[in-house]
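Novice: Dropping the sequence and predicted coords here.
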Amino acid sequence: MATAELKKGDVKDIGLADAGKRKIEWAAQQMPVLQQIRKRFIKEQPLKGLRVSACLHVTSETANLMITLRDGGADIVLCASNPLSTQDEVAASLNRDFNIPTFAIKGEDNQTYYQHLQAALDHKPQFTMDDGCDLVTMLLTKRQDLVGNVIAGTEETTTGVIRLRAMAKDGTLKYPVIAVNDAMTKHFFDNRYGTGQSTLDGVIRATNVLIAGLKVVIAGYGWCGRGAAMRAKGLGADVIITEIDPVKGIEAVMDGFRVLPMADAAKEGDVFITVTGNKNVIRREHFEVMKSGAIVCNSGHFNVEIEIPALESLSTGKKEVRPLVDEFQLKDGRKVYLIAEGRLVNLATAEGHPASVMDMSFANQSLSAEYLAKHHKDLKPNVYVVPEHLDRDIARLKLEAIGSTSSPPSRSSTSPPGKKAHKPVLCGKLILQCPTRLSRSWGFFFDVRHLHFHPRSRIETHSACYLRGRPLHSPTPR
């Protein structure tokens, strides 16, 4: 890749830009909250002069985020966060029509992928916007000369947040990062409704199978797993859940699903979908008992949830039978089909989340960038959640945009007047987004000043004092 190309971005074919621009404009119509933020950003220029290096899925929805940040004054460079998720026409249009250097080619090999990460860091960022933490990891391990320039960053997905928390724990994280994934208006909707719909969309586009009547095995029952299970059930599938967390297992049973160990589910399943964020969820022993014709795919961020080397070692050969569908001929004559090399099925063979749900996720990205640009000096190098007032403002704007309104709180139900806004608090064992006070939840009283939770606990309440704990092994979103 030549130096001249790096300055302009690196895309498959600039001639695809017209189609990309139409796609970007179509998505913009489905993203009213982000468009409102963009209009304000144009007037106020909250990111003026801020150099931003973004590593995200290069889709029409991401393009609208990039345009919003650019119009807010940011100087942006974008690269892909996954080799198979890029929409080449969108990358071309961002370069040609919006003057946003974009380094992304669908199907790029690993060498090109990492060259593109390097190109984004050559921008000498003051702010990072990551999806999976590859950009930050490269910055902190191979481009340490640039770390001093960086004031803050954001992270889009569960996998990246887990990696960042590990960095914060061992002291290698050098600047504050907001975990956009942990916003209520992100994971409740993006992970559940976005991943749920787009994952099944990807499976159907890739294979053209009829879901009705099939046994669909979903590994993981976090927000992504819930969404995929909901959509598969709606299409008529017999849904089986595998889950290592017994609490989530109970939840899945009470939602009407069978819960089995993968060792047993592997014998029954017709379609397998992993959404855990863990390694080798489907392994050699599972491939050994699958029925011939089983379809296997992943909707987690990295292609590590399916033990592909084990599948290869059990096979006499493989061939592509449909675009991004590989048939593995096993030594005993059975056939197993792998979609998209085990990478994100919802982006590799479909178009990712609908723009309507990404509207809220990217509104969180935009407002978090604005918040950090103003308040980064007040925050230590750690992982923080989106400030609750921003989260709820986004929910209110989205509700209004779809023609609905929430009920105003009664005078007796609101907190005393004059309560100060609170800065984001640390992710990890406990997420606390309210003043210290005595609160009530689940029928017993507790003093929030003395609470200590195991990192894998999960508490969700909607009392005046909002608490949210997140499991460290929750599924990976978009």
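Specialist: Received, thanks.

Novice: Every contact and neighbour count from this point should use C-alpha atoms.
Specialist: Fine.

Novice: Stretch 288-302: end-to-end distance?
Specialist: Between the opening and closing residues of stretch 288-302 lies a distance of 23 Å (CA to CA, to the nearest Å).

Novice: in stretch 167-176, what counts as buried?
Specialist: By neighbour count with 16 or more other CA atoms under 10 Å, stretch 167-176 contains the buried residues 167-168, 172-176.

Novice: mind exporting that stretch as CSV, just the C-alpha atoms?
Specialist: The C-alpha trace of stretch 167-176 is given here as CSV (Å, rounded to 0.1, in the frame of the first residue of the first chain):
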residue,chain,number,x,y,z
MET,A,167,-6.0,-2.9,30.7
ALA,A,168,-7.4,-0.6,33.4
LYS,A,169,-6.9,-3.3,36.0
ASP,A,170,-3.3,-3.9,35.2
GLY,A,171,-2.5,-0.2,34.7
THR,A,172,-1.8,-0.1,31.0
LEU,A,173,-4.8,2.0,30.0
LYS,A,174,-3.4,5.6,29.7
TYR,A,175,-6.5,7.7,29.2
PRO,A,176,-10.2,7.7,30.1
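
Novice: Please renumber the chain so that the first residue is 35 from this point on.
Specialist: In the new count, where the first residue is 35, that last one comes out as stretch 201-210.

Novice: what about it, distance to the chain center?
Specialist: Stretch 201-210 has its C-alpha centroid displaced from the chain centroid by 21 Å (CA atoms, centre = their mean, to the nearest Å).

Novice: got it, and stretch 59-72?
Specialist: For stretch 59-72, the distance to the chain centre is 19 Å (CA atoms, centre = their mean).

Novice: Residues contacting that stretch, please?
Specialist: The list of residues contacting stretch 59-72 from outside it, by CA atoms under 8 Å, 6 or more residues apart in numbering, reads 94-95, 98-99, 102-103, 105-106, 389-390, 392-394, 396-397, 400, 428, 431-432, 435.

Novice: let's see it at 6 Å
Specialist: Surrounding stretch 59-72, the residues in contact under the criterion CA atoms under 6 Å, 6 or more residues apart in numbering are 102, 389-390, 393, 397.

Novice: could you give the mean pLDDT of stretch 327-344?
Specialist: Averaged across stretch 327-344, the pLDDT comes to 95.

Novice: chain center to that stretch: distance?
Specialist: On the basis of CA atoms, centre = their mean, stretch 327-344 sits 17 Å off its chain's mean C-alpha point.

Novice: what's that stretch in contact with?
Specialist: Applying CA under 6 Å, 6+ apart, the set of residues contacting stretch 327-344 is 304-309, 311-318, 369-373, 376-379, 510.

Novice: Flag the shaky bits of the stretch 185-334 of the chain, pLDDT-wise.
Specialist: With pLDDT under 70 as the threshold, the stretch 185-334 of the chain has no low-confidence stretch at all.

Novice: Scan this protein for its longest helix.
Specialist: With secondary structure taken from DSSP state H, the chain has its longest helix at helix 389-409.

Novice: Return the distance of residue 233 relative to residue 112.
Specialist: Here residue 233 is placed at a distance of 25 Å from residue 112 (CA to CA).

Novice: Can you classify residue 371 as helix, strand or coil?
Specialist: Three states are possible here, and by DSSP: H, G, I helix; E, B strand; the rest coil the one that applies to residue 371 is strand.

Novice: all strands for the stretch 35-184 of the chain, in order.
Specialist: Along the stretch 35-184 of the chain, counting by DSSP state E, counting those that start in this stretch, strands occupy 85-90, 109-114, 136-137, 161-164.

Novice: which of these sits most buried?
Specialist: Comparing the strands of the stretch 35-184 of the chain by mean neighbour count (mean count of other CA atoms under 10 Å), strand 136-137 ranks first with a mean of 31.

Novice: chain center to that one: distance?
Specialist: Using CA atoms, centre = their mean, the mean C-alpha position of strand 136-137 is found 20 Å from that of the whole chain.

Novice: try stretch 331-351
Specialist: With CA atoms, centre = their mean as the basis, the mean position of stretch 331-351 lies at 21 Å from the chain mean.

Novice: For that stretch, which residues meet the burial criterion?
Specialist: Buried residues in stretch 331-351, counting neighbours by 16+ other CA under 10 Å, are found at 331-342, 344-345, 348-349.

Novice: likewise stretch 49-56?
Specialist: The neighbour-count check on stretch 49-56 (16+ other CA under 10 Å) flags 50-51, 54-55 as buried.

Novice: ok, now stretch 114-134?
Specialist: With the criterion 16+ other CA under 10 Å, stretch 114-134 contains buried residues 114-130, 133-134.

Novice: Which of those fall within helices?
Specialist: Judged by DSSP H, helices contain the following of the buried residues of stretch 114-134: 122-130.

Novice: Done for today, thanks.
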